[in-house]
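1. Fold the following for me, if possible:
(chains A and B)
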Amino acid sequence: MAKLPTPQTLVSSRPAFPDKAWLDIKPEFAPGSYCYPAKKETMELLHMPNPHDWDPAAEDWNLPENWEKILCDAFEERLEKHRSLKLFMDICVRCGACADKCHFFLGTNDPKNMPVLRAELLRSLYRRDHAMLGKILGKKVGARSWDKDVVKELFYYAYQCTECRRCSLFCPYGIDTAEITAIVRELLHEVGLGTHWIMDPVKNCSFTGNHLGIQPHSFKEIVEMLADDCETVTGIRPKTPFNEKGHEILFITPSGDVFADPGIYTFMGYLLLFHELDLDYTFSTYASEGGNFGSFTTFNMAKKLNAKMYAEAERLGVKWILGGECGHMWRVINQYMGTYNGPAPSNMETPVSPYTGTVFKNAASTKMVHIAEFTADLIHHNKLKLDPSRNDHIITTFHDSCNPARAMGLLDEPRYVLKAVCNNFVEMPENTIREQTFCCGAGSGLNTEEIMELRMRSGMPRGNALRYVQQKYGVNHMACVCAIDRATLPPLANYWAPGVTVSGLHELVANALVMKGEAKRTMDLRQEDLPNVAEDDDDAAQAQGEGQ
Amino acid sequence: MLHSLLLVLLIGAIAWGGATIGLASLFGVVLPYVAVVVFVAGVVWRMVYWAKSPVPFRIPTTGGQEASLDFIKQAKYDCPNTTWGVIQRMLLEVFCFRSLFRNTLGEVRVDDPVNKGPRTIYYSSKWLWFFALMFHYCFLLVFLRHFRFFMEPVPSCINFLESLDGIMQIGSPRFFWTGGLLLVALLFLLARRLFNQRLRYISLINDYFPLFLLLAIVGTGICLRYFDKTEIAQVKVFIMGLTHFSPVGTAGINALFFTHLTLVCVLLIYFPFSKLMHMPGVFFSPTRNLPNNSRAVRHVNPWNPPKQYFTYAEYEDTYRDAMADAGLPLEKQPEKAAE
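-> Got it, this is the predicted structure:
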């Protein structure tokens, strides 16, 4: 990985707008500006159209011979399938309200990263074939023809958008760049163009059940190791049920949390919470992925990967599914799952919390509940014994992930939980949180190392906001409800606000959770010493004695 | 930019010239009929074009807290989960430009004393919202005021509107504030495009042309009222003739009137083929006009493809031995599967 410039240099090195009109500028594929291409074998294995070897930095991308016809036909087909696309191509007035709402634009100052211009890349092609004036007047009214450089440009900018929808919130017509980017990516996949960082997890998820390609026995082994770690911290070894039939609940979370620091601590949090509740649940090694990298490629791939959830829920005979903390996973579940693969299997029922009796009416159809909803409800009904002082060594803020914020509206549930388990909570500035939240800069499959500088740029708004509360209020921790965030925010925090740690919500829940029969907690889930242990009442005398 | 201005001037000049050399009935009679037909047919055609594509997914942009637990307050207008809620959200969007109201201006600082380093600050920025709203409302009022030419007797509500519009009682004929504000708002929208670097970079002829056209329409309209005054009574007779499909002569009406009328006709003709279709378009927007209830009520996609995925049976076939060794429950034990 190339050395990163300092934050000051990064900000001051953003180039001014070019003199030339955007139609006359071609993207440069310098190292670090693009994600590595998907392997031909991966694409073949997934039956993706026109798999081939290619290199984004090369002049020739080895597109199939009739690439233009493929793309035009595919575009036409998408227009017939999505009213949103037709509408978003037609009604933009270029008011520019979206421009500085985009984290990529703020971080790069590249005009084509203004959502309006990103859409204009496709809109100019639309005008030529689908708009009366464009057909007649052509370039004069902003229409252009396909050529190979246009394809490159689309690729370049479709992977400099994290489909976070922040622009769509500010657009007076609700034009959603995520929709446009998603469709541009679909078109590019039609001519065999995809990225390795996305297609590899898709392949893994297709054939092993999760993005990381963890096979069933290893999955079980890893989770059991995490359960062992839980025992080290709490003296209680939580149960780890796998693929068991006849339980009430199937629990699905992103596989990243089984594998990667700091997600594993969130996973341990789930294990401890469920154990304490004696929750009647099971994991599945088959549906062991909550996330859905398919949703970063095509709608059909998203559907295909998502299908395993209901299939497994049916096979195991569960009543409902509880979903872990994840961003795009919840975009898929909240807005697409029922449509893709519903109705839910007949053995499933409207979710009811076994402890509070709360009926989750908002999940009556998909039968899938977010763990923040579940836990907030438990806390509201006093079903958990919590000691938030165990988290007193942190002053935390909360990062709203784009998808739960703008494609679901999950804003106050995680805050309710966070405030119950942490005494020190500070919000970041108001235009950077809740529905106006800024992306971590690396969502939608851009969380890859080769574009690290670009990620730091696109993460600038989030990084700046974090830095602000760090400097002003001494914030040293950022909680989030997204597995990709847990992977991308640590380097982002390290760059923009060094010293701030990142965790999932349920890591903090489990830290604060007072469990029946637990050993005295001296460590948090990361096995770091709890600083205020000696101050505990029962031990105060003892500690004093030792001191003498 | 210049092209759009010249184009509008050219249209105006042609209409003026035409009316002067005796082609007033072409610009005053034929063109308005053509324009209205093109406008109505064009708008319907584009709306049908949109409507022919389905809405495969329910994808509202949630602008606030979802409806979930009893003790968590839903943002009813920004994140509705019912049809009535969506209607309210749409009303706010259409009548108050709710989304534009959120507008902010981001300023990136390299060295900020609080952050001890780079900081991005977001200032509230309501100018676009304010002038956009001013433009649209004034346009609506001016449009309604013009019904005095289309109706006999003039409905009392139109008279009332007029009296409100001239409430400041400045000059004679009384100054209508809507016309003046309309001009101000249009000039603001134009100035933004010219002086804001980002706006200038993205602006096309498609953006300047309607602005200049509207400026010309408003400009000629104001002239007709205050300066090169037209013979109102005759105009009314003329317009009533048009609306009753029995056009009367154009004698005695000045050329400026026909210029004004022609520009309006050009706007009507241009409308269905342009970004001005945002007017009907906003009602079709799936990120605004759908409730956030896709977990509670299933949304059906008419082209939903068949399910194809790696089934559990295939999965178990692939990993059966390893799963058995790990003690994971199986549908078929290895010895059974081997049979």
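
2. In the stretch 151-300 of chain B, mark out all the helices, start to finish.
-> In the stretch 151-300 of chain B, the helices defined using DSSP state H, counting those that start in this stretch lie at B:156-165, B:177-195, B:197-202, B:205-226, B:232-243, B:255-270, B:278-284.

3. Serialize those to CSV and add fields for mean neighbour count, distance to residue B:303 and mean pLDDT.
-> (C-beta placed from N, C-alpha, C; glycine too.) Shown next, in CSV, are the helices of the stretch 151-300 of chain B (neighbours: other CB atoms under 10 Å in any protein chain shown; distance: least, CB to CB, whole Å; pLDDT from 0 to 100):
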stretch, mean neighbour count, distance to residue B:303, mean pLDDT
helix B:156-165, 14, 47, 88
helix B:177-195, 18, 39, 95
helix B:197-202, 17, 33, 95
helix B:205-226, 20, 32, 95
helix B:232-243, 17, 45, 90
helix B:255-270, 22, 34, 95
helix B:278-284, 18, 18, 97
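
4. between the ones you listed, which one is nearest to residue A:57?
-> helix B:197-202 (27.2 Å; CB to CB).

5. Only alpha carbons, please: show that closest one as PDB.
-> The C-alpha trace of helix B:197-202 is given here as PDB (Å, rounded to 0.1, in the frame of the first residue of the first chain):
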ATOM      1  CA  GLN B 197     -18.500  27.400 -10.500                       C
ATOM      2  CA  ARG B 198     -20.100  24.000  -9.800                       C
ATOM      3  CA  LEU B 199     -23.400  25.000 -11.400                       C
ATOM      4  CA  ARG B 200     -21.700  26.500 -14.400                       C
ATOM      5  CA  TYR B 201     -19.800  23.300 -14.900                       C
ATOM      6  CA  ILE B 202     -22.900  21.100 -15.000                       C
END
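
6. any residues touching it, and which ones?
-> Contacts with helix B:197-202, where a contact means CB atoms under 8 Å, 6 or more residues apart in numbering or on different chains, come from A:17, A:22, A:94, A:96, A:99-100, A:111, A:114, A:116-117, A:120, B:192-194.

7. Just the buried ones out of the residues you listed, please.
-> A:22, A:94, A:96, A:99, A:100, A:111, A:114, A:116, A:117, A:120, B:192, B:193 (16 or more other CB atoms under 10 Å in any protein chain shown).

8. roughly how far apart are the residue most central in space within chain A and chain B?
-> Centrality entry for chain A: nearest residue to the mean C-alpha point is residue A:327, 3.7 Å, by CA atoms, centre = their mean. Distance, residue A:327 to chain B, by CB to the nearest CB, to the nearest Å: 13 Å.

9. neighbouring contacts of stretch B:316-330?
-> A:207, A:215-217, A:220-221, A:242-245, A:285-286, B:331-334, B:337.

10. Surely the residue nearest to the centre of chain A and residue A:402 touch.
-> Yes: look at residue A:327 against residue A:402 with CB atoms under 8 Å: they come within range, at 6.3 Å.

11. Which residues are in contact with each of these two?
-> Both residue A:327 and residue A:402 are contacted by residue A:443, under the criterion CB under 8 Å, 6+ apart.

12. Buried ones only from the contacts of stretch B:316-330, please, as a ChimeraX command.
-> The following ChimeraX line selects those of the contacts of stretch B:316-330 that are buried, judged by 16+ other CB under 10 Å:
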select /A:207,215,216,217,220,242,243,244,285,286
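
13. Mind checking which of the contacts of stretch B:316-330 land in helices?
-> Among the contacts of stretch B:316-330, the members falling in helices (DSSP state H) are A:207, A:216, A:217, A:220, A:221, B:334, B:337.

14. give the contact list for the third one.
-> By that I understand residue A:217. Per CB under 8 Å, 6+ apart, neighbours of residue A:217: B:319, B:322, B:323, B:325, B:326, B:328.

15. Got the confidence number for the second one?
-> Read that as residue B:322. Looking at residue B:322, its pLDDT is 95.

16. and it, what are its phi and psi?
-> phi -60, psi -40 (degrees, to the nearest 10).

17. Tell me how many other residues surround it.
-> By the measure other CB atoms under 10 Å in any protein chain shown, the count of residues near residue B:322 is 14.

18. again with the fifth one
-> Residues contacting residue B:326 under the criterion other CB under 10 Å number 18.

19. Over to the last one?
-> Other residues near residue B:328 number 21, with proximity taken as other CB under 10 Å.
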